[in-house]
Every structure is written in structure tokens, then in C-alpha cells.
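A.B. asks: quick one, structure for this:
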Amino acid sequence: MTIRFPAPLRPGDRIGITSPSSGVGEPFRPRLDFCVATLRERGFEVEIGSCMNGDGHVSAPVRARAAELMRMLTDPAIRAVVPPWGGETAIDLLPFLDWAVIAAAEPTWYVGYSDNSTIMLPLTLRAGWATLHGSNLMDTPLVTEPGLASWLDLATLEPGRSIVQTSPGLFWPEPFVDFRQQPEITRPDYRSGRGWTRLDADGPVDVSGRLIGGCIETICHLAGTAYGDTAAFASRQQPDPLIVFVEAAEDNAFTICRSLHGMRLAGFFDAAEAVLIGATLAPDAATMTQHDAVLDALGPLRVPLIADVECGHVYPRLPLMTGALGRVEFGPGVARLTQTAG
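C.D. replies: Numbers count the residues shown, from 1 in each chain. I've put the predicted structure just below:
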């Protein structure tokens, strides 16, 4: 399977907004309006779908959410689909999406992370679409920190071109920015002192492979199923191995450890040349840290395990182009990821 990259996003293109998982409650509507205005100021058309209700944990009944997502993904006039954020149970959509139709359609950019990983992972593994992990609509107005790129930088990249990102060594010590109180915020008050860490050993790392992964709490339930078959995907990408990225949203270290063990036993990491672990604010357990959890579960892989990468539920965020060829370089004074489109 050849990875298919959507056409580069250009001013005048239409961006579809729908909520495959959680919708947007009234207290967050000013932030939604600000984000839509930001996209329009950058020259994009914006279409807001009908599945946006934020009164419950999902925006609409499952068939309505699936139908709206299918329409936006396969409408040639919509060049990107950008949900406002994640949620809890996007997994219920998977049987209601027509994967054969998606695989035959011209790809469009899907931008998201967290619960959206549940949809984005099979979009790459089953349909062969490149997607954009690590951001969402509500984060779009945030200023891009030095060394990082925005999802729009990746979505506008010409085929064959590369983007290099480096760790800025910054973090925001809260899991979310309070968009209710600051609907037009563009930069949190970051703290310094955070950077990538190699967990498995000392020594430099320089590896290349196809990027694949997502949020541990959601994609762990796909490992070993037709929606999370990384082994079959890797066999089609030979000779390229995989660079797998995972990140913990909120589960404690014991739960993350169990989830990663299950993913490993299901073969999720079998083709991994390295594993990137996103920075997290998820809690440690009484006798196990989040780093311990990764080592306990993934140490047997005997591949580089690089933690505290800016690809999780911690601001600022490093967007990843799933399905793209990536090169990870890590060592003294070096924490760099290069991604190439096409």
C-alpha cells in the first residue's frame, strides 16, 4: 500500500468542522467562533457541520456522526476535516464508516489527536491516508513555539518536501488551557526545563521509519483488530520499518502499563524501529512512574524508547504526519524529528 497524501491545503480551500466524538458546549462557543474566524482570516472557507452539540459526551447519535464524517471525508470540495477536540467514545463510529469507499476516495486531511486517534489510526492502516496528529481546531490559534511547526505548516507542505522540528524545552503544567475564561488566548504561560529523555539506554539515536500511533487510552482497544493491524501495514511498507508514537492522556501508570503490555502482546510494536512517548501530565502510581510503565511494558522490544516528546496532551505540541517517513535524531544537544511528505 502506497501512503496517499492529501493535496497541500491552500487559501480558498474548504475546511469541514464536525465532532465525531464530543461536541462543543455553550461555555466554549466563544472559543469555537474565535478559531473559525482565525481560519477564515487565513483565507480558508469553513463549513460547520450539524454534529456539534456539547450537552452530552457525544455530539449526536452514532449514525449521524458517522454519516457526517463520511460525507466530509469523501466530499472533494472539503480539503481538511478538523474536529474541535477529542472526547470519549469515537470507537463506536468504526463499524459505521465505509472503509472501502474511504480507501477509494481522494484523501483529505484529518487533523486531531486524543479520541480522534481511534479514527485516524485506521485511516492510515486501512485506507492508506496520511493524517495529522497532535492538534485540533481549538488549538489552531495558538502561536507556534520556536522549533515546532503548526498543523497548517504540515498540511500546506508540497510533496517531497520536509519539515524539521526540534524540542523547545517548554511545557504548560496544566492538561488544558481554560478556553472558557480565555476564549481568545494565543499563548499559554509556558515553563522551561522539559526535554526529550531516552528511557532504555544511554547513547545517541538516529532512526528512520513510517510514523504511526496515537493516544494510548484509545488505540489500545484497536491493537489486534482489523482497525489496528500495524503488522500488516508494516509488511506493505517494506523496507521501511515503523516509528511508533504513543502518549498517555490521563490514565495512571498502572493502567498505562497494562495497556502497553496488551498492545505489545498484540504485535502492535513488532515492526517498530523506535518508540516515541509523548510528554504527559497523567499521574504516577504508588510504586510506578509513567516512565517506569513504559520501560516495564516496552523494554522487551529492545529498541530506543524516547520519552517526553511534545506529541501528547501537554502544550506546546509537535504535530506528526502519520504515514510519513520520519527521521528521529537524539543525543547530547540534539532532539530532532524530520518528516517528509509524499
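A.B. asks: could you use CA atoms for every contact and neighbour count after this?
C.D. replies: Fine.
A.B. asks: contacts for the helix or strand harbouring residue 16?
C.D. replies: Assigned by DSSP states H and E, residue 16 falls within strand 14-17. Strand 14-17 has contacts (CA atoms under 8 Å, 6 or more residues apart in numbering) with 44-49, 72, 77-84.
A.B. asks: how about a cut-off of 7 Å?
C.D. replies: Contact with strand 14-17 is made by 44-49, 72, 77-83, as judged by CA atoms under 7 Å, 6 or more residues apart in numbering.
A.B. asks: how about stretch 269-287?
C.D. replies: So stretch 269-287 is contacted by 175, 207, 209, 231, 234, 241-254, 290, 303-314 (CA under 7 Å, 6+ apart).
A.B. asks: from the residues you listed, which land in helices?
C.D. replies: Of those, the ones assigned to helices by DSSP state H are 231, 234, 253-254, 290.
A.B. asks: can I get the residues you listed in a markdown table including neighbour count?
C.D. replies: Shown next, in a markdown table, are those (neighbours: other CA atoms under 10 Å):
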| residue | neighbour count |
| --- | --- |
| 231 | 19 |
| 234 | 21 |
| 253 | 23 |
| 254 | 18 |
| 290 | 24 |
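A.B. asks: between the residues you listed, which is nearest residue 124?
C.D. replies: Distance to residue 124, by CA to CA, is smallest for residue 234 among those, at 11.3 Å.
A.B. asks: distance from the chain centre to stretch 146-158, please.
C.D. replies: 14 Å (CA atoms, centre = their mean, to the nearest Å).
A.B. asks: quick one: mean pLDDT for it?
C.D. replies: Averaged over stretch 146-158, pLDDT sits at 96.
A.B. asks: CA atoms only for that stretch, dumped as CSV, please.
C.D. replies: The C-alpha coordinates for stretch 146-158 follow below in CSV (Å, rounded to 0.1, in the frame of the first residue of the first chain):
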residue,chain,number,x,y,z
PRO,A,146,10.4,28.1,18.2
GLY,A,147,11.5,24.7,16.8
LEU,A,148,7.9,23.5,16.3
ALA,A,149,5.5,23.6,13.4
SER,A,150,1.7,24.0,13.2
TRP,A,151,-0.6,21.6,11.7
LEU,A,152,-1.2,24.1,8.9
ASP,A,153,2.6,24.1,8.1
LEU,A,154,2.3,20.3,7.5
ALA,A,155,-1.0,20.5,5.7
THR,A,156,0.4,23.0,3.2
LEU,A,157,3.7,21.1,2.6
GLU,A,158,4.5,20.3,-1.0
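A.B. asks: run through who's touching it.
C.D. replies: Contacts to stretch 146-158, defined as CA under 7 Å, 6+ apart, come from residues 8-10, 132, 135, 144, 165-168, 318-319, 341.
A.B. asks: pull the most distant pair out of the contacts of strand 14-17.
C.D. replies: Greatest spatial distance among the contacts of strand 14-17 (CA to CA): 77 and 83, at 17.2 Å.
A.B. asks: who has more neighbours, those two?
C.D. replies: In this view residue 77 and residue 83 are compared by other CA atoms under 10 Å, and residue 83 has more residues nearby, 26 against 13.
A.B. asks: list the contacts for the more buried one?
C.D. replies: 17-19, 112, 136-137 are the contacts of residue 83 under CA under 7 Å, 6+ apart.
A.B. asks: tell me the one of those nearest residue 125?
C.D. replies: Proximity of the contacts of residue 83 to residue 125 (CA to CA) peaks at residue 112, which lies at 16.2 Å.
A.B. asks: quick check: residue 204 vs residue 302, distance?
C.D. replies: 15 Å (CA to CA, to the nearest Å).
A.B. asks: if we can go back for a sec, would you turn the contacts of strand 14-17 into JSON lines with distance to residue 337?
C.D. replies: Shown next, in JSON lines, are the contacts of strand 14-17 (distance: CA to CA, whole Å):
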{"residue": "44", "distance to residue 337": "28"}
{"residue": "45", "distance to residue 337": "31"}
{"residue": "46", "distance to residue 337": "31"}
{"residue": "47", "distance to residue 337": "33"}
{"residue": "48", "distance to residue 337": "33"}
{"residue": "49", "distance to residue 337": "34"}
{"residue": "72", "distance to residue 337": "31"}
{"residue": "77", "distance to residue 337": "32"}
{"residue": "78", "distance to residue 337": "29"}
{"residue": "79", "distance to residue 337": "26"}
{"residue": "80", "distance to residue 337": "24"}
{"residue": "81", "distance to residue 337": "25"}
{"residue": "82", "distance to residue 337": "24"}
{"residue": "83", "distance to residue 337": "25"}
